[in-house]
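K.L.:
what's the 3D shape of this:
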Amino acid sequence: MCHPSWGRARTTAQRLSDLARLRRVRDRIDREYAQPLNVEALARGVNMSAGHLSRQFRLAYGESPYSYLMTRRIERATALLRRGDLSVTEVCFAVGCSSLGTFSTRFTELVGMPPSDYRRRATGAAAGIPPCVAKQVTRPVRNQEAPVAEPQLA
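P.N.:
Numbers count the residues shown, from 1 in each chain. Below you'll find the model as predicted:
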């Protein structure tokens, strides 16, 4: 008969192993956000099933691997749009999105305006602001939609 603490020790070891694998997945997304990534490929890379990876990633980081990937892509897209030398379509593909519609929808959800409006406003507004400050101020909101502006009464 096994000692009761052995089961707890194995469970703790498994949790730590899972957390290490989840960090590897998150780090891979951070590095390779512009590459074609999907949950199945990410899961294969750490010897997990896609379902288990998704559940554990959400528990650990508060969002799904896909949501985290899209947030990273939108973060990078805001920087590229602030530069002003690429079109919205070029930025969409440069950050790894294959659908302009999905990119625009997710961008609008996170940033609070369509990418074309963001590009138009950011290129003029960011003039003279150090890039590190502009990046911090314009960072997308994670795990929630951008705040909706209240209508102005004239």
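K.L.:
same for the helix or strand containing Glu109, what does it pack against?
P.N.:
Using DSSP states H and E, Glu109 sits within helix 100-111. With contacts taken as 3 or more C-beta pairs under 8 Å, 6 or more residues apart in numbering; DSSP states H and E, helix 100-111 sits against helix 65-83, helix 88-94, helix 115-125. All C-beta spots, glycine's among them, are computed from the backbone N, C-alpha and C.
K.L.:
what angle do helix 65-83 and that helix make with each other?
P.N.:
For helix 100-111 against helix 65-83, the angle by axes from the mean of the first three to the mean of the last three C-alpha atoms, to 10 degrees is 90 degrees.
K.L.:
and helix 100-111, what's buried?
P.N.:
Within helix 100-111, the residues that count as buried by 16 or more other C-beta atoms under 10 Å are Phe103, Ser104, Arg106, Phe107, Thr108, Leu110, Val111.
K.L.:
swap in stretch 67-82?
P.N.:
Across stretch 67-82, burial judged by 16+ other C-beta under 10 Å covers 67-78, 80-82.
K.L.:
so which of these is the closest to Thr12?
P.N.:
Top of the list for closeness to Thr12, among the buried residues of stretch 67-82 and by C-beta to C-beta, is Tyr68 at 25.3 Å.
K.L.:
tell me how far that closest one lies from Thr11.
P.N.:
26 Å (C-beta to C-beta, to the nearest Å).
K.L.:
what do you get for Phe57?
P.N.:
Separation of Phe57 from Thr11 (C-beta to C-beta): 19 Å.
K.L.:
how is the chain partitioned into domains?
P.N.:
Split into domains by automatic domain parsing, the chain comes to 4-62, 67-137.
K.L.:
most packed of those?
P.N.:
domain 67-137 (a mean of 17; mean count of other C-beta atoms under 10 Å).
K.L.:
mean confidence for it?
P.N.:
Average pLDDT, domain 67-137: 88.
K.L.:
from the chain's centre, how far out does that domain sit?
P.N.:
13 Å (C-alpha atoms, centre = their mean, to the nearest Å).
K.L.:
give me the element Leu22 is part of.
P.N.:
Assigned by DSSP H and E, Leu22 belongs to helix 4-32.
K.L.:
check which helices and strands that helix sits against.
P.N.:
Secondary-structure packing of helix 4-32 (3+ C-beta pairs under 8 Å, 6+ apart): helix 39-45, helix 50-61, helix 65-83.
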